[in-house]
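Visitor: Here is the input, now give the coordinates:
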Amino acid sequence: MTRKQMALTLTVTAVFAFLGAVAAAGMFHNSVSAQTQLSFTQQEYTLPEGQFIGTVEKGKFIMLVPRPAFPVVVRLTGISMQEARPAESAEVDLVPYEGKVIFISGHDGGSWIYQADILDSGGPLLKALVQKAFNP
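Guide: Numbers count the residues shown, from 1 in each chain. Predicted coordinates:
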C-alpha cells in the first residue's frame with residue numbers, strides 16, 4: 001500500500017469515525033425516518049439550538065453550523081445578554097484555538113454569542129473534515 005493510499009484510508013476512516021461518534025452522541029437531530037438510509041449532509045442534520053461549530057482563523061470564530069448564507073465572523077463572550085456591561089468586557093480569547101475547529105454552546109445575539117462555552121476542539125484533520133462537510 002502506498003503512502004497516498006494509506007493517507008486516503010486513514011482520512012476516510014477518520015471521517016466515518018467522527019460522523020459515527022457525532023450520530024451516536026446525539027449531537028445532531030435526524031430529520032429522516034429510521035428506515036431511511038442515513039446520509040450525512042448538512043441539509044438533513046441540524047444542531048440543537050444554542051450549539052455552534054466553526055473554525056478559528058486570525059483569532060476570530062467563523063461559524064459553519066448552523067450554516068449561514070455566507071461565512072459569518074462572530075465574537076464570543078462569557079456574559080449573559082441581560083448583563084449591563086459591554087460584551088467586550090468578557091470576550092473569549094480564541095488565540096489558543098487558532099487553526100482549529102471548535103464546538104461551542106451559547107445564546108446567539110447576532111454578531112455575538114453570549115454565555116459562550118467551548119465544549120470541544122479539534123486539530124487540522126478535523127478542521128479539514130468539518131470544512132469539507134459544511135462549507136462546500
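Visitor: Every contact and neighbour count from this point should use C-alpha atoms.
Guide: Will do.
Visitor: residues contacting the closest residue in space to I62 that isn't next to it in sequence?
Guide: Distances taken as C-alpha to C-alpha, 6 or more residues apart in numbering put V73 closest to I62, at 4.6 Å, once the chain neighbours are dropped. If a contact means C-alpha atoms under 8 Å, 6 or more residues apart in numbering, then V73 has 60-63, 111 as its contacts.
Visitor: Would you quantify the distance from V73 to M63?
Guide: Remark: distance between V73 and M63 (C-alpha to C-alpha, to the nearest Å) = 6 Å.
Visitor: can you check K100 too?
Guide: Distance, K100 to M63, by C-alpha to C-alpha: 12 Å.
Visitor: what do these two both touch?
Guide: The contact sets of K100 and M63 overlap at T55 (C-alpha under 8 Å, 6+ apart).
Visitor: Figure out the helix or strand that G99 lives in.
Guide: Per DSSP states H and E, G99 falls between elements, in no helix or strand.
Visitor: Please read off the pLDDT at L8 from the model.
Guide: We have a pLDDT of 61 for L8.
Visitor: Which neighbours in the sheet does the helix or strand where the residue nearest to I62 lies have, and how are they oriented?
Guide: In this structure, V73 sits in strand 72-76 according to DSSP H and E. Using DSSP bridges, strand 72-76 pairs in its sheet with strand 60-65 (antiparallel), strand 112-122 (parallel).
Visitor: and among these, the most buried is which?
Guide: Neighbour counts (mean count of other C-alpha atoms under 10 Å) averaged over each of the strands paired with strand 72-76 peak at strand 60-65, with a mean of 20.
Visitor: any idea of the mean pLDDT for that one?
Guide: Regarding strand 60-65, the rounded mean pLDDT is 85.
Visitor: ok, now stretch 121-131?
Guide: Mean pLDDT, stretch 121-131: 83.
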